[in-house]
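Peer 1: got a sequence here, can you model it:
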Amino acid sequence: MVKEVTVDMASGINLIAKKCFPKTDIVTDIFHVQKLALDAVQEILIKIRWSIMDTENKEIRF
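Peer 2: Below you'll find the predicted structure:
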């Protein structure tokens, strides 16, 4: 009867869903996918920001 199960990205939940509903589609909640992508972009932006600040500080010293 169950056609689709929406889960977060926790591996334990995915395993439980597959065991309890073996014939259903397992779908990852879009909120968790977006959060993971946003966190990755944020990490890159912070690294770029620190790199720019380091460059500016080196230029000021010389």
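
Peer 1: show me where this structure has its strands.
Peer 2: 4-7, 25-28 (DSSP state E).

Peer 1: just want the most central residue of this protein.
Peer 2: Of all residues in the chain, the one closest to the mean position by CA atoms, centre = their mean is residue 36, 1.4 Å from it.

Peer 1: quick check: that residue vs residue 8, distance?
Peer 2: Distance of residue 36 to residue 8, computed by CB to CB, to the nearest Å: 10 Å. To be clear about C-beta, it is placed using only N, CA and C from the backbone, and glycine gets the same treatment.

Peer 1: and the longest helix along the chain, what other elements does it pack with?
Peer 2: Ordering each helix of the chain by length in residues (DSSP state H) puts helix 30-61 first. For helix 30-61, not one helix or strand is in contact under the criterion 3 or more CB pairs under 8 Å, 6 or more residues apart in numbering; DSSP states H and E.

Peer 1: got the contact list for residue 26?
Peer 2: 4, 5, 7, 14, 17, 18 (CB atoms under 8 Å, 6 or more residues apart in numbering).

Peer 1: near the closest residue to the first one other than its chain neighbours, how many other residues are there?
Peer 2: To tie it back to what came earlier, the one meant is residue 4. In space, and not counting its chain neighbours, residue 4 is closest to residue 25: 4.7 Å by CB to CB, 6 or more residues apart in numbering. Using other CB atoms under 10 Å, residue 25 has 11 other residues around it.

Peer 1: please shift the residue numbers so they start at 329 in all later answers.
Peer 2: Got it, first residue is 329 now, which makes that one residue 353.

Peer 1: pretty sure residue 353 contacts residue 330?
Peer 2: No - Residue 353 is beyond contact range of residue 330, at 9.5 Å (criterion: CB atoms under 8 Å).
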